[in-house]
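> Please work out how this folds:
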Amino acid sequence: MTLALDIGTGLILLTTALSLLRLVIGPSLPDRVVALDMMTVAIVAFCGLTAIRFDEPAFLDVALALALVGFLATAALARFAERARKIHEKATS
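Numbers count the residues shown, from 1 in each chain. Below is the predicted model:
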């Protein structure tokens, strides 16, 4: 079980690092929104693995709260991107 948790943690850290790279590089706003959402999912998974590793169910509450905040952030950023696209289309028309 320890080996599986170590491998899972390593893969989650790799996923978070690659998502951070995509967040910084971009090149477009939708790329950054998806990268941020992927980072949120990876951190929620990390909280789940931490709950298993330390046998502490409080980390699951943290994961649930983070997942809800991540969903709201993604929805807000998607709405912002849609409005920005519409404004850009009106300006170029």
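
> thinking Val33 is in contact with Ala81, fair?
Yes - using C-beta atoms under 8 Å, Val33 is in contact with Ala81, at 6.4 Å. Bear in mind the C-beta positions are built from the backbone N, C-alpha and C, glycine included.

> Those two: which is more packed in?
Shown here are Val33 and Ala81; by other C-beta atoms under 10 Å, Val33 has more neighbours (18 against 15).

> Look at that one and tell me its secondary structure.
The three-state label given to Val33 by DSSP: H, G, I helix; E, B strand; the rest coil is helix.

> So which elements touch the helix or strand of the chain with the lowest mean pLDDT?
None of the helices or strands of the chain scores lower by mean pLDDT, DSSP states H and E than helix 58-92, at a mean of 89. Packing partners of helix 58-92 (3 or more C-beta pairs under 8 Å, 6 or more residues apart in numbering; DSSP states H and E): helix 29-54.

> Now the common contact residues for Val33 and Ala81.
When C-beta atoms under 8 Å, 6 or more residues apart in numbering defines a contact, no residue borders Val33 and Ala81 alike.
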